[in-house]
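Chemist: This is the structure alone, sequence omitted:
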């Protein structure tokens, strides 16, 4: 690789790596040609400062560093009673350096003369090069994880990419929504299992109720996205926007992402965490919808505020309508009544005795 290219790449990415690893990285870059550089350009590196902020505010940084198993254990154990949270804050920067160096090693594994499968010739046209780069992306990141991170951390850029994808709603449903919607459902189920094992609830009752709550959560997210998309589509022309259900569905599906991700809070089925989940998920969802409505539905600036208000109203109303109605269908109102009360164990024990 050209020395100027190496220096430019290092100037952009040096902060993402430990200082002691930079000489090794520079030597590796010197062995690479332009074709091999395409692997490196497709790699996903995390900013240590961003990971530190996530570690301090939420404690979910392990998910961004693809340490999913320990991330789940950390949440289930209540962040190790706060001790694990503090340890991870102090180690966040070091773990980010380690993660980025591993990503660099993966992306440059073929450098230095090793065989590179399906690598286009250096004289390939731009279309083939672009296709190769897209295929190489799968080496370093999971598509769902990358999509979630992008929509949460860089929504403006991601909304433009989503608009260009122009995916039918069935593809967004099967490839994205049905997967991220499982987060609050699965976590809720685990929360009730936790109480059944370590709490005072009979395990059989906790398992049955947890299973019903999981179904309720799953249907709330999926049904809520469809209702939000329907409202946005039906009223689009009234606000000078594009009437396209596929676009509206993408807006709703990705706009509901914070509510899905924040579902990890439901590991403890108590009123405080339930309402924290609702507030965090809906407020950040409103921000995402506000940023995505113009790129996707081409809403005129003068109509932006009222149309956003309508879509946000549909989003919020769909959530509360579904969770209340489904609560009464599956649980006879137990879930919503319990989480609206002051005491989880007291209220649920009362229902259990009945």
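Modeler: Nice, I can see it. These figures come from a predicted structure and were not determined experimentally.
Chemist: count of neighbours near residue 8?
Modeler: Neighbourhood size, residue 8 [other C-beta atoms under 10 Å]: 11. For the C-beta atoms, the positions are set from N, CA and C on the backbone; glycine is no exception.
Chemist: Read off the pLDDT value for it.
Modeler: As predicted, residue 8 sits at a pLDDT of 78.
Chemist: can you tell me how far it sits from residue 14?
Modeler: Going from residue 8 to residue 14 by C-beta to C-beta, to the nearest Å gives 11 Å.
Chemist: Repeat that for residue 225.
Modeler: Distance, residue 225 to residue 14, using C-beta to C-beta: 41 Å.
Chemist: Next: residue 283.
Modeler: Distance from residue 283 to residue 14, by C-beta to C-beta: 35 Å.
Chemist: what about this structure, any weak spots by pLDDT?
Modeler: Along the chain, the model assigns pLDDT under 70 to residues 1-2, 34-36, 38-39, 42, 75-83, 110-142, 199-200, 333-354.
Chemist: Just want the most central residue of it.
Modeler: Nearest residue to the geometric centre of the chain (C-alpha atoms, centre = their mean): residue 148, 3.0 Å.
Chemist: Quick check: which element contains it?
Modeler: Using DSSP states H and E, residue 148 sits in helix 143-153.
Chemist: what does residue 183 give?
Modeler: Short version, using DSSP H and E: residue 183 is in helix 182-198.
Chemist: Show me the contact partners of that helix.
Modeler: 75-76, 201-207, 209-211, 213-215, 217-218, 221, 259-269, 277 (C-beta atoms under 8 Å, 6 or more residues apart in numbering).
Chemist: Could you list every helix and strand that the helix or strand where residue 100 lies packs against?
Modeler: Residue 100 belongs to helix 83-107 when elements are defined using DSSP H and E. With contacts defined as 3 or more C-beta pairs under 8 Å, 6 or more residues apart in numbering; DSSP states H and E, the packing partners of helix 83-107 are helix 22-30, helix 34-41, helix 48-57, helix 61-64, helix 68-76, helix 126-140.
Chemist: Buried residues, it. List them.
Modeler: Across helix 83-107, burial judged by 16 or more other C-beta atoms under 10 Å covers 84-85, 88, 92, 95-97, 99-101, 103-104, 107.
Chemist: will you turn the residues you listed into CSV that also has distance to residue 305?
Modeler: Shown next, in CSV, are the buried residues of helix 83-107 (distance: C-beta to C-beta, whole Å):
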residue, distance to residue 305
84, 43
85, 39
88, 40
92, 38
95, 42
96, 38
97, 43
99, 40
100, 40
101, 46
103, 41
104, 44
107, 43
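Chemist: Closest one of these to residue 30?
Modeler: Lowest distance from residue 30 to these (C-beta to C-beta) belongs to residue 104, with 14.0 Å.
Chemist: I'd like to know how far the closest one sits from residue 44.
Modeler: Separation of residue 104 from residue 44 (C-beta to C-beta): 11 Å.
Chemist: same question, residue 220
Modeler: Remark: distance between residue 220 and residue 44 (C-beta to C-beta) = 31 Å.
Chemist: Which one's more surrounded, those two?
Modeler: residue 220 (25 against 19).
Chemist: Apart from its neighbours in sequence, what residue is nearest that one?
Modeler: residue 322 (4.5 Å; C-beta to C-beta, 6 or more residues apart in numbering).
Chemist: Just to check, residue 96 is in contact with residue 55?
Modeler: No. Here residue 96 does not reach residue 55: they are 9.3 Å apart, not a contact under C-beta atoms under 8 Å.
Chemist: and the residue nearest to the centre of the chain, what is it in contact with?
Modeler: Going by C-beta under 8 Å, 6+ apart, residue 148 touches 180, 257, 261.
Chemist: any idea which of those is closest to residue 304?
Modeler: residue 257 (21.0 Å).
Chemist: The closest residue to that closest one other than its chain neighbours: neighbour count?
Modeler: Sequence neighbours aside, residue 151 is the residue nearest to residue 257 in space, at 5.4 Å (criterion: C-beta to C-beta, 6+ apart). Residues lying near residue 151 (other C-beta under 10 Å) number 25.
Chemist: so who does residue 151 touch?
Modeler: 158-159, 254, 257, 288.
Chemist: Per the annotation, how does the chain divide into domains?
Modeler: For the chain, automatic domain parsing gives the domain ranges 3-140, 162-353.
Chemist: wait, residue 97 sits on residue 18?
Modeler: Yes. Applying C-beta under 8 Å as the test, residue 97 and residue 18 come out as touching, 4.1 Å apart.
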